[in-house]
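Sequence first, predicted coordinates after that:
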Amino acid sequence: MKNALLKLLVLGLLVMASLTACGGGGGGGGTNAAGAALTIITVTPANPSIARNTTRQCTATGTYSDGTSQDITASATWSSDLTAVATVNAAGLASGVAAGTAKITATSGSVSGDTTLTVTTATLLSITVTPADPGIAVGLTRQLTAIGAYSDGTSHDITSSVAWTSAATTVVTVDATGLATGGATGSAAITASSGTISGSTTVTVAALQSITVTPANPSLAKGLTRQFSATGNLTGGASQDITASVIWSSGTTSVATVNATGLASGVAAGSTTITATSGLISGSTTLSVTPETLQSIAVTPAAQSLGTGMAQQFTVIGTFSDGSTQNLTASVTSWNSNAPTVASMNTSGLAAAASPGTATITAAVGAVSGSTTLVVTSKTLQAIVVTPAYVSINTGANRQFTAIGTYSDNTTQDITSSVTWTSGTPAVVTVDP
């Protein structure tokens, strides 16, 4: 009897170990960097439709037990329940084979998710290759795109599913993604084919003569950015956007820097030359950086509430193009209340609560403005408590006092900035307003 019980116990432990190894209990889909278990896989797009002989990229997003999510498209196992209708490769790229519907599933361990792919009966009628008859500089590249027109009136980007060929590979080559590379001066027809349907464009490869950098001689404020573009001017009059393939540089990096994509950043007031270079050819423009400019202002306190008869001092904080902030209350060019019968404003930013209601308080510094809301209630101020109640300070030292108001509705509020402060003996102690 004891031996039988022992055997049952060992068998149970083996079953539990097997379940654990296989992700039993709903897990088994792996973990994220934090060690949380994969619980859900969502496949997108949800229930897409494609034409026969076209493709659609599917994405798998994993949700983990800690509530985080991440793209697991590359690590999931992909499958189609009806390969006669649609297939899917290891990267999640689904291909329409015949009209119908197929379930596309992404699996990781014991966790899976799916979407329903509908393949229509539309047939490919024509292929248009764009851009039409482009120019490419020798040694540079140009992306071509294939657009398929179908019998149901739709069109689809089929760049990744067509076969690309060049009629003269010594002049220009083209890879499986439609990226053409200029090899030598001349022209070549580039063709995109799908079955018996094809479309083509003529690519002219020419020498790069000059580079034009745009915009011409712009300016920007310190702390802001400006995108530059480089256009390659080729022999024969053709041109090409070569922004991504040139080397960008700034003549004075203490004034402005420029990254590999042509995005310039203002560092300090001054001017610098922004240059785009390809081999021995270069082009440039002058960038002027102006001092930092005011971008926005915030009026504080925000959403303030006052009782009738009370006052509130508002403050303006400005944010500049270089990210710095500054108190601009003294520089405000205008204060305004949209409901002066509720609350009126003086030129220093002090609001006087007149009657119950809501007023929008707006401050402007030149052309930049900001606002906040002031709610005036019918409650009245009953008492003010000044803290600390008793204090001693050394000659020349200072101490901050606080005023707390008690209102008719038994609420309290810090009214330090809205009361008038006085000293009974200014010769002994002074207090600012």
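Great, that's in hand. Nothing here was measured: the structure is a model prediction, and the numbers come from that model.

elements contacting the helix or strand encompassing Trp335?
For Trp335, the enclosing helix or strand under DSSP states H and E is strand 334-337. The helices and strands touching strand 334-337, judged by 3 or more CB pairs under 8 Å, 6 or more residues apart in numbering; DSSP states H and E, are strand 343-345, strand 357-365. Yep, even glycine has a C-beta here, placed from its N, CA and C like the rest.

Reformat the ones you listed as a markdown table; add mean neighbour count.
A markdown table is the format used below for these (neighbours: other CB atoms under 10 Å):
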| stretch | mean neighbour count |
| --- | --- |
| strand 343-345 | 21 |
| strand 357-365 | 19 |
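
on that earlier part again, restrict the strand holding Trp335 to CA atoms and write it as PDB.
Output of strand 334-337 as PDB, limited to C-alpha atoms (Å, rounded to 0.1, in the frame of the first residue of the first chain):
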ATOM      1  CA  SER A 334      -1.700  93.600 -20.900                       C
ATOM      2  CA  TRP A 335      -3.900  92.000 -18.300                       C
ATOM      3  CA  ASN A 336      -7.500  91.200 -19.200                       C
ATOM      4  CA  SER A 337     -10.600  89.700 -17.600                       C
END
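
coming back round to it: turn the helices and strands packed on strand 334-337 into JSON lines, including distance to Arg56 and mean pLDDT.
Output for the helices and strands packed on strand 334-337, formatted as JSON lines (distance: least, CB to CB, whole Å; pLDDT from 0 to 100):
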{"stretch": "strand 343-345", "distance to Arg56": "59", "mean pLDDT": "95"}
{"stretch": "strand 357-365", "distance to Arg56": "50", "mean pLDDT": "96"}
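
Reformat these as TSV; add distance to Ala207.
Listed next are these as TSV, based on distance: least, CB to CB, whole Å:
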stretch	distance to Ala207
strand 343-345	67
strand 357-365	54
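
which residues in the protein form helices?
2-21 (DSSP state H).

Low-confidence stretches in it?
1-29 (pLDDT under 70).

does Val289 really touch Ser265, like I thought?
No. Contact criterion CB atoms under 8 Å: Val289 and Ser265 do not qualify, at 9.3 Å.

overlap in contacts of those two?
Both Val289 and Ser265 are in contact with Ala256, where contact means CB atoms under 8 Å, 6 or more residues apart in numbering.

Not counting sequence-adjacent ones, nearest residue to Asn89?
Excluding the flanking residues, the one nearest Asn89 by CB to CB, 6 or more residues apart in numbering is Trp78, at 6.9 Å.

Tell me which residues touch the closest residue in space to Gly30 that isn't next to it in sequence, please.
Nearest residue to Gly30, sequence neighbours excluded (CB to CB, 6+ apart): Leu38, at 5.1 Å. By CB under 8 Å, 6+ apart, the residues touching Leu38 are 27, 29-32, 62-65, 72, 108-109, 111.

My read is that the residue nearest to Asn89 contacts Gly92, right?
Yes. Applying CB under 8 Å, one finds Trp78 in contact with Gly92, separated by 5.3 Å.
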